[in-house]
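Chemist: For reference, the sequence and a predicted model appear below.
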Amino acid sequence: MTRDSNKVPQVGRLIKASALLLASTGLFLTTGALAAEEFRHQHIAPTPLLNSWRAPDETYVEPSVTEKLQPGTRVAVPDFGEPGNWYVQRLTERSYWMICNAFATTVFVGDEGVLLVDASNTVVPADMLAAIKQFTNLPVRALVYSHMHTDHVGGSYRLQKALEEQGIDLRIIASASAAREIKAHQNNVAPPTDVIADGRSTFMFEDFAFVLATPIVAAHSAADSYVLTPDGVIMYVDFNYPGRVPLGYISSSYNVTGWVDFLRHALGEEWQFANLGHANIGYKRDIEKTFAYLGDLYDAYSTEIWPSWATGQGIADSVATNGTGLTAGVFWSNYVDQSAEVMAKKVYPKWKQVAQSEVIRSHAYKVFEDSFLNYNPEVGVVKPLFTPIEPGR
């Protein structure tokens, strides 16, 4: 897309020139004569939802606190329901999935108490505890952190205080990497009482053995873990999504290959249901679909972007489009944006009917960065591996 500091593109022209751009991100530029102190910026319009959050080839059932979910089915609840309302679904004999305001928690009911995985910073403890009482009167005694991002575990202080008022000392379990990151960010969540070694480790809750695996140094965060219950429920957060492509900008992950490798470890484990942190129940087929989608984006880089860059033509074309006399910083911003648009257009026809495809361009942006910085198609390596990794490997 041409950037002209002296003209204001009309929306109609933008739609004709780049329908994908508007559909996926709502991005358009406002330029023109600027006052001396005016800031030149890109206006981002809200992304419209073009596809239903319910995939047409999926089976959805009404949530139940008593009936176990049949493997392969989803729950008929939206990501964002009535504010403050907890939707609860029983998964197995002891494990439950709960979601409120698009943030999910896994609940494991033991013989003497309850273990939770994650407590969002949107959590109102009284409401959460009331939701749990729909299916058990046992007290909450333990909380496990999936990773240290506060949107998923920032409610820990509130929950800890609410339980203290009931005379309960909350056990908080986290990986060594999570403990390190919590300290680095000045205890932005309640500090763990139990620190579990990175890698694939186990911990006990009552007489039940859980897996807490922190297999990758850097992926979505610097301390991503998955928690595997003894009855086949896995929880990992901000990775793949149920029947959908990923969140915008691949969940703001800063190491996309590490993000893929984390999922390869999860894919190699044995489990029936996945709690993915933000949306519906997940299955292994969701990881496989995500890998197919990302593979197409990496291939788009190697076929549509790399050849012209390798000959120097990519620089020449971008400079010709945007004007000579650019600084390196402005050139790079333009080049990444334009490359992401080319990649997104390449994969959009195949993936446009998949939920969340409205944000494909943002995924192309992240894959471009990973491809450009870390892969060399000249020697035949164009993308990460997408095969499962067996436990302990």
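Modeler: All right, it came through fine.

Chemist: For the protein, which segments count as helices?
Modeler: Ranges of helices within the chain are 11-17, 19-25, 125-132, 150-153, 156-164, 176-184, 249-252, 256-268, 284-300, 306-310, 313-322, 328-351, 360-374, based on DSSP state H.

Chemist: number of nearby residues for residue 232?
Modeler: 15 (other CB atoms under 10 Å). In this view, the C-beta of every residue, glycine as well, is placed from N, C-alpha and C.

Chemist: Please apply the same query to residue 251.
Modeler: 21.

Chemist: Spit out the contact partners of it.
Modeler: 220, 238-239, 259 (CB atoms under 8 Å, 6 or more residues apart in numbering).

Chemist: which two from those residues end up farthest apart in space?
Modeler: Maximum pairwise distance in the contacts of residue 251, criterion CB to CB, is 8.8 Å, between 238 and 259.

Chemist: Can you check which residues contact both of those two?
Modeler: 220, 251, 253.

Chemist: Nearest to residue 104, out of those residues: which one, please.
Modeler: Distances from residue 104 to these, taken by CB to CB, are shortest for residue 251, at 14.2 Å.

Chemist: gap between that closest one and residue 239?
Modeler: 7 Å (CB to CB, to the nearest Å).

Chemist: just checking, residue 114 touches residue 132?
Modeler: Yes - contact between residue 114 and residue 132 holds when scored by CB atoms under 8 Å: they sit 6.4 Å apart.

Chemist: Now the most centrally placed residue in the chain: closest residue in space that isn't a chain neighbour?
Modeler: Nearest to the geometric centre of the chain sits residue 238, at 2.6 Å (CA atoms, centre = their mean). Of all residues not flanking residue 238 in the chain, residue 251 sits nearest, at 4.1 Å (CB to CB, 6 or more residues apart in numbering).

Chemist: Next: residue 217.
Modeler: residue 258 (6.9 Å).

Chemist: Next: residue 195.
Modeler: In this structure, residue 195 finds its nearest non-sequential neighbour in residue 179, 4.8 Å apart by CB to CB, 6+ apart.

Chemist: That neighbour contacts residue 193, doesn't it?
Modeler: No - with contact defined as CB under 8 Å, residue 179 does not count as touching residue 193 (10.4 Å).

Chemist: So for those two, which residue has more residues nearby?
Modeler: A count of neighbours by other CB under 10 Å puts residue 179 above the other of residue 179 and residue 193, at 19 against 13.

Chemist: How about the contacts made by that one?
Modeler: Contacts of residue 179 (CB under 8 Å, 6+ apart): 191-192, 195.

Chemist: neighbour-wise, which of these leads?
Modeler: Counting neighbours by other CB under 10 Å, residue 192 comes out on top of those with 21 neighbours.

Chemist: Who are the contact partners of residue 222?
Modeler: Contact analysis of residue 222 by CB under 8 Å, 6+ apart lists 148, 177, 181.

Chemist: Most neighbours of all the residues you listed, which one?
Modeler: Counting neighbours by other CB under 10 Å, the top entry in the contacts of residue 222 is residue 148, with 27 neighbours.

Chemist: For it, give me its contacts.
Modeler: Residue 148 neighbours (CB under 8 Å, 6+ apart): 174, 178, 181-182, 185, 188-189, 221-223.

Chemist: Closest one of the shared contacts of residue 238 and residue 259 to residue 64?
Modeler: residue 251 (29.3 Å).

Chemist: follow-up on the earlier one: turn the helices of the chain into TSV, columns for distance to residue 274.
Modeler: Listed next are those as TSV, based on distance: least, CB to CB, whole Å:
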stretch	distance to residue 274
helix 11-17	38
helix 19-25	26
helix 125-132	20
helix 150-153	15
helix 156-164	22
helix 176-184	20
helix 249-252	15
helix 256-268	8
helix 284-300	7
helix 306-310	34
helix 313-322	39
helix 328-351	21
helix 360-374	20
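
Chemist: In JSON lines, list those along with distance to residue 48 and mean pLDDT.
Modeler: Shown next, in JSON lines, are the helices of the chain (distance: least, CB to CB, whole Å; pLDDT from 0 to 100):
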{"stretch": "helix 11-17", "distance to residue 48": "13", "mean pLDDT": "36"}
{"stretch": "helix 19-25", "distance to residue 48": "8", "mean pLDDT": "39"}
{"stretch": "helix 125-132", "distance to residue 48": "31", "mean pLDDT": "97"}
{"stretch": "helix 150-153", "distance to residue 48": "24", "mean pLDDT": "94"}
{"stretch": "helix 156-164", "distance to residue 48": "34", "mean pLDDT": "97"}
{"stretch": "helix 176-184", "distance to residue 48": "35", "mean pLDDT": "95"}
{"stretch": "helix 249-252", "distance to residue 48": "18", "mean pLDDT": "93"}
{"stretch": "helix 256-268", "distance to residue 48": "26", "mean pLDDT": "98"}
{"stretch": "helix 284-300", "distance to residue 48": "21", "mean pLDDT": "98"}
{"stretch": "helix 306-310", "distance to residue 48": "32", "mean pLDDT": "95"}
{"stretch": "helix 313-322", "distance to residue 48": "28", "mean pLDDT": "87"}
{"stretch": "helix 328-351", "distance to residue 48": "15", "mean pLDDT": "93"}
{"stretch": "helix 360-374", "distance to residue 48": "14", "mean pLDDT": "96"}
